[in-house]
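K.L.:
structural data only, the sequence is not supplied:
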């Protein structure tokens, strides 16, 4: 969840001394559905800072300006949320032309202007912090949206957004003393802790996106860095905001969030100057930002049923207004027309509106009642079996571990000797826009997680005997969601000898616990690149398809001595053996 910092002095100035202290401010946040995460006191100065945890989808609260504005409406210090409007400039709109060359890298661009702003040092720091949070949150570490903000008085419109070969882009990046060619700049930032994580977005691309003004000055090279020439400061009076993106919807939300939160610093408060974005190839002209207000109709009886209360419809309208959603009661005394401002991108459905009614009413004020239907809970059979197996495997001398459900593509392919990546990942659920390289796919095996755990603990006394009993996920077109979970048991023995006989002994003990007769299971020779040749076996169980039918063999897992090349991939120097078994067929 995002966390923002708010100085106690700012809280006192905006909300009054009544809410400035830790306890009343924390209670107010709780009433609004938020949480006071931490209170920090600066050594020496005694400066107090409140750190507030926010819901991930409340972009309108990502700066202290938005948070305190919402709380002022909630407490009645403001009658309602501000109305945001577009104002036409006196000398004609600024235009930004998007050339066709950007289609292969970042094809979307949106822009806006804030005029006659007055930013203090604190407000400027908040402005920059908001951009960072939007980059990490909605922008998915700039892969979906990258923001550029500029002192408009230092550059000259119209602007052009194009993509060029790196050798053709040369400019002085933000806070650097000299100019760089783009490919040189990419190399330079590989040692920068703050920016090196974004370089992969453009790596190996033949063209880099860049925004120029009419005089050929580079405003920014998204999503990496802005130009130093248009750097903002407390003296900035006019701000040009541009967002380049691969997702137009998210780009518009980001732009709306920035201009609505900081238009309060304009001389003409809560006004924004639109920009014409011209797509050169199609000739389409888009006026941005749009700052659209939309209406939703909700029903009082449905809201009461969902929340479990009996609130009069007129009171519901007042509660919604406190949540920055302007509401009017309809003519039939049951409908409420709710106006959703451009700040509330999180409101997607009537249920989101019902949730705001519940928050404003107060969850603690909802009467506690016994459920109308009495039920008796019981443990899922697969979980019951898992708990019993965990206990007995631990009694056999193995230590339970919990590893991540997500892993890298390499962990399921090349790192375990399966170099045909497409085949190795054919049954894996892949994550779109993963946060890190370590979380690209959902695991289809527990073994890579065990090997990584041993690698991280290889300095511990030997032997290491570890196990995990958890779910893996496999693609399955027959399921409604396109995938299914499968509960598996995996164990590893790591020591100065391979310990194959010890892992084999664990298999025999597990089968004994599962009440599988010796004649009904066996290990058969198998060939798998993860294992040492001749030291790999598949685990086969035999049971009847019907009461009087012949027994059919089913392969339920693998065991063996891990191949030296696989050990090397996980920085392991001693031999080890592993076992992986699907336990779901044994659930009664």
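P.N.:
Done, it's in. Predicted, not measured: the structure shown is a model, and the values here were computed from it.
K.L.:
quick one, strands of the stretch 1-150 of the chain?
P.N.:
Taking DSSP state E, counting those that start in this stretch as the test, the strands found in the stretch 1-150 of the chain are 3-7, 35-41, 48-53, 85-86, 94-98, 108-114, 145-151.
K.L.:
pull the distance from the second one to the chain's centre.
P.N.:
Spelled out, that is strand 35-41. In this view, strand 35-41 has its centroid 23 Å away from the chain centroid, taken as Cα atoms, centre = their mean, to the nearest Å.
K.L.:
likewise for the third one?
P.N.:
In this view, strand 48-53 has its centroid 22 Å away from the chain centroid, taken as Cα atoms, centre = their mean.
K.L.:
go through the protein and flag its longest strand.
P.N.:
What stands out as the longest strand in the chain, according to DSSP state E, is strand 531-544.
K.L.:
buried ones in it, by neighbour count?
P.N.:
Under the neighbour-count criterion of 16 or more other Cβ atoms under 10 Å, strand 531-544 has 531, 532, 535, 536, 537, 538, 539, 540, 541 buried. Yep, even glycine has a C-beta here, placed from its N, CA and C like the rest.
K.L.:
do the same with stretch 235-255
P.N.:
By 16+ other Cβ under 10 Å, the buried positions in stretch 235-255 come out as 236, 238-247, 250-255.
K.L.:
show me the residues you listed that map onto helices.
P.N.:
Using DSSP state H to define helices, the subset of the buried residues of stretch 235-255 located there is 250, 251, 252, 253, 254, 255.
K.L.:
which single one of those is nearest to residue 297?
P.N.:
Nearest to residue 297 among these, counting by Cβ to Cβ, is residue 253 at 23.2 Å.
K.L.:
the residue lying closest to that closest one once chain neighbours are set aside and residue 86, how far apart?
P.N.:
Computed as Cβ to Cβ, 6 or more residues apart in numbering, the closest residue to residue 253 that is not its neighbour in sequence is residue 345, at 4.6 Å. As judged by Cβ to Cβ, to the nearest Å, residue 345 and residue 86 stand 18 Å apart.
K.L.:
of these two, which one has the most company?
P.N.:
Taking other Cβ atoms under 10 Å, residue 345 and residue 86 do not tie; residue 345 has more neighbours (20 against 15).
K.L.:
wasn't that one part of a helix?
P.N.:
No: per DSSP: H, G, I helix; E, B strand; the rest coil, residue 345 lies outside any helix segment and is coil.
K.L.:
the residue lying closest to residue 29 once chain neighbours are set aside bridge partners, please.
P.N.:
Of all residues not flanking residue 29 in the chain, residue 36 sits nearest, at 5.2 Å (Cβ to Cβ, 6+ apart). Legend: beta-bridge partners of residue 36 under DSSP bridges are residue 52.
K.L.:
can you count the residues close to residue 36?
P.N.:
18.
K.L.:
so how far is residue 252 from it?
P.N.:
Distance, residue 36 to residue 252, using Cβ to Cβ: 32 Å.
K.L.:
next: residue 377.
P.N.:
Between residue 377 and residue 252 the computed distance is 45 Å (Cβ to Cβ).
K.L.:
is it true that residue 35 touches residue 55?
P.N.:
No: checked against Cβ atoms under 8 Å, the pair residue 35 and residue 55 is beyond contact range at 9.8 Å.
K.L.:
distance check, the most centrally placed residue in the chain against residue 437.
P.N.:
Residue closest to the average C-alpha location in the chain (Cα atoms, centre = their mean): residue 137, at 6.2 Å. To residue 437, residue 137 is 20 Å away according to Cβ to Cβ.
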